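*Asks:* take this sequence and fold it.
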Amino acid sequence: MFAEKTFPVPDQAAWEELVTRFGGRMWAVARACGLGPADAADAVQGAWLRMVESLDAIRDPERIGAWLVTTTRHEAVRLARRARGERPAADRLPELLAPDPAAPDPAASVADADYGRRLWSRLEGLAEPCRSLLRLYALNPDAKYAQISMRLGLPMGSIGPTRSRCMSRLRALIEEER
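*Replies:* Residues are numbered from 1 along each chain as shown. The predicted structure is shown next:
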């Protein structure tokens, strides 16, 4: 025969106080994880069940609220993953260890970063307004001529030609380095 596991039964008034005090927060956490009403109810119910299963191990009753919220979040995330068809990482270990052919080459990343540092240092060698104009374009590629004109105090009609001259100077500095 199977031995039934018995759980300590909390005092009804204490139980109702816990539900009143933390139930709403637990529901909010479950819903914040993107669960619908039925799955959120399962996550909250699962957290309450874990608490009942762990009653004899609770050492710090003052922290029960944080424990309930954390446990609800874990239950909700588990349910959300299951709903999306995700498998636990242990089941996917061979896939996780296999190299990703679409991943960037680390050596290329280092070379790109080095090129970027050299490019920014060459940009610092340009005189104004080139330095500020090219920095603005690099950091705000969608900036409008009116914005650039106000920011740098240049006439709107001169921004395009100035940018072209500045790019030519920057290219020349880069070519000198090679």
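*Asks:* which residues touch the residue nearest to residue 79 when sequence neighbours are not counted?
*Replies:* Nearest residue to residue 79 in three dimensions, chain neighbours excluded: residue 39, at 5.0 Å (Cβ to Cβ, 6 or more residues apart in numbering). Every residue, glycine included, has its C-beta placed from N, CA and C. Residue 39 sits next to 30, 76, 79, 80, 83 when contact means Cβ atoms under 8 Å, 6 or more residues apart in numbering.
*Asks:* quick one: which of these has the most company?
*Replies:* residue 30 (29 neighbours; other Cβ atoms under 10 Å).
*Asks:* and stretch 161-177, what's buried?
*Replies:* For stretch 161-177, a neighbour-count test (16 or more other Cβ atoms under 10 Å) marks 162, 163, 166, 169, 170, 173 as buried.
*Asks:* check stretch 140-157 too.
*Replies:* 148, 154.
*Asks:* one step back: return the member of the contacts of residue 39 nearest to residue 121.
*Replies:* residue 80 (46.7 Å; Cβ to Cβ).
*Asks:* what comes into contact with stretch 137-150?
*Replies:* 123, 133, 136, 154, 155, 156, 159, 160, 163.
*Asks:* so how far is the first residue of that stretch from its last?
*Replies:* From the first residue to the last, stretch 137-150 extends over 14 Å; the measure is Cα to Cα, to the nearest Å.
*Asks:* closest to residue 45 out of the contacts of residue 39?
*Replies:* residue 30 (9.8 Å).
*Asks:* and that closest one, how far from residue 68?
*Replies:* Distance from residue 30 to residue 68, counting by Cβ to Cβ, to the nearest Å: 11 Å.
*Asks:* what ranges in this structure fall below the confidence cut-off?
*Replies:* 1-10, 85-105, 178 (pLDDT under 70).
*Asks:* which non-adjacent residue is nearest the spatially most central residue of it?
*Replies:* Against the mean C-alpha coordinate of the chain, by Cα atoms, centre = their mean, the closest residue is residue 33 at 14.0 Å. Leaving aside its chain neighbours, residue 33 sits nearest to residue 76 (3.8 Å; criterion: Cβ to Cβ, 6+ apart).
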